[in-house]
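Trainee: Structure for this input, please:
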Amino acid sequence: QVQLVESGGGSVQAGGSLRLSCVTSGGTFSSSAMGWFRQAPGKEREFVARISWSGGSTSYADSVKGRFTISRDNAKNTVYLQVNSLKPEDTAVYYCAAAVSPRGGVRVTDYDYWGQGTQVTVSS
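Mentor: Model prediction:
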C-alpha cells in the first residue's frame, strides 16, 4: 500500500522559510510524478508545484513562482518543497501527492495517492 508522510510544517513570520518533506513507501516512487497542493480554510485544494519522475521537469503556481522550489531524491523516496519569502496568504495545510503517471499535472485528479498534510501558518 502506498503511503505518503509529510513533515516540516510550522508557524513562521512573514518572510520566513520552511522546508517541507514527503517520504513515500509502498510504491514505485522513482517512476512517479509528485506534486504539492495546499488547502486554506474554506477554500478548495489548489496546485502549488509538481515535479516529473526524473526531476527534469517542474512547474509552479503563479502565486509561488520564484519563492518555492520543488525537488526530489529518488534514492530516499522523498520529495521536498522549499518555501521562502512566506506570506500570510500562504497559510494552509500542504499536501503531498503521487501520480501513477511519470509527468503528473496541476489538477487534484491527476494524482492517485495523498498524504495527510502538514500545517503551515504564516503570521504578519
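
Trainee: only C-alpha atoms for contact and neighbour calcs from this point on.
Mentor: Will do.

Trainee: out of everything not next to it in sequence, what's closest to the residue nearest to the spatial centre of the chain?
Mentor: Against the mean C-alpha coordinate of the chain, by C-alpha atoms, centre = their mean, the closest residue is residue 36 at 2.3 Å. Spatial nearest neighbour of residue 36, chain neighbours left out: residue 96 (4.7 Å); criterion: C-alpha to C-alpha, 6 or more residues apart in numbering.

Trainee: Please, which helix or strand holds that neighbour?
Mentor: Under the criterion DSSP states H and E, the helix or strand holding residue 96 is strand 92-98.

Trainee: quick one: contacts of stretch 107-115?
Mentor: 2-6, 35, 45-47, 95-100, 104-105 (C-alpha atoms under 8 Å, 6 or more residues apart in numbering).

Trainee: and if you look at stretch 116-124?
Mentor: With contacts defined as C-alpha under 8 Å, 6+ apart, stretch 116-124 is touched by 4-14, 86-96.
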